[in-house]
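Student: Here is a sequence together with a model predicted from it:
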Amino acid sequence: MYCKRCHTKMREEKRSFHKQRKWICPKCGSVRFEKIGVKREPIDRVSKDRDSNL
């Protein structure tokens, strides 16, 4: 992951923090979090009732 401010490569904290990865920029010290968990499938926006009438 790269820092939004200075565009340098961030380092990952050793431990997790509330089911999130903590990334710290070594240059400017900004912190970002990345969620750890189940990847969800995208929601199908088309209603099934409309498709059944075709």
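Tutor: Here it is on my side, so go on.

Student: Output the below-cut-off pLDDT ranges for this protein.
Tutor: The chain contains residues with pLDDT under 70 at 38-54.

Student: all helices for it, in order.
Tutor: Along the chain, the segments classed as helices by DSSP state H run 48-52.

Student: List the neighbours of stretch 4-24 that are in contact with it.
Tutor: With C-beta atoms under 8 Å, 6 or more residues apart in numbering as the contact definition, stretch 4-24 has outside contacts at 1-3, 25-28, 30-37. All C-beta atoms are positioned from the backbone trio N, CA, C, and that covers glycine.

Student: in it, what's buried?
Tutor: Buried residues in stretch 4-24, defined by neighbour count with 16 or more other C-beta atoms under 10 Å: 10, 22, 23.

Student: Just the C-alpha atoms of that stretch, please, in PDB.
Tutor: As requested, the backbone C-alpha atoms of stretch 4-24 are provided in PDB (Å, rounded to 0.1, in the frame of the first residue of the first chain):
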ATOM      1  CA  LYS A   4      -1.800   9.200  -0.200                       C
ATOM      2  CA  ARG A   5       0.300  12.200   0.900                       C
ATOM      3  CA  CYS A   6       3.800  11.500  -0.100                       C
ATOM      4  CA  HIS A   7       3.400   8.400  -2.400                       C
ATOM      5  CA  THR A   8       6.000   6.300  -0.600                       C
ATOM      6  CA  LYS A   9       5.600   2.600   0.300                       C
ATOM      7  CA  MET A  10       3.900   2.100   3.700                       C
ATOM      8  CA  ARG A  11       4.900  -0.500   6.200                       C
ATOM      9  CA  GLU A  12       2.500  -2.900   7.900                       C
ATOM     10  CA  GLU A  13       2.100  -3.100  11.700                       C
ATOM     11  CA  LYS A  14       2.900  -6.600  13.100                       C
ATOM     12  CA  ARG A  15      -0.500  -7.000  14.900                       C
ATOM     13  CA  SER A  16      -4.100  -6.500  13.700                       C
ATOM     14  CA  PHE A  17      -6.300  -3.800  15.100                       C
ATOM     15  CA  HIS A  18     -10.000  -4.500  15.400                       C
ATOM     16  CA  LYS A  19      -9.900  -6.900  12.400                       C
ATOM     17  CA  GLN A  20      -8.000  -4.400  10.300                       C
ATOM     18  CA  ARG A  21      -4.400  -4.100   9.000                       C
ATOM     19  CA  LYS A  22      -2.600  -1.000  10.100                       C
ATOM     20  CA  TRP A  23      -0.300   0.600   7.600                       C
ATOM     21  CA  ILE A  24       2.100   3.400   8.700                       C
END
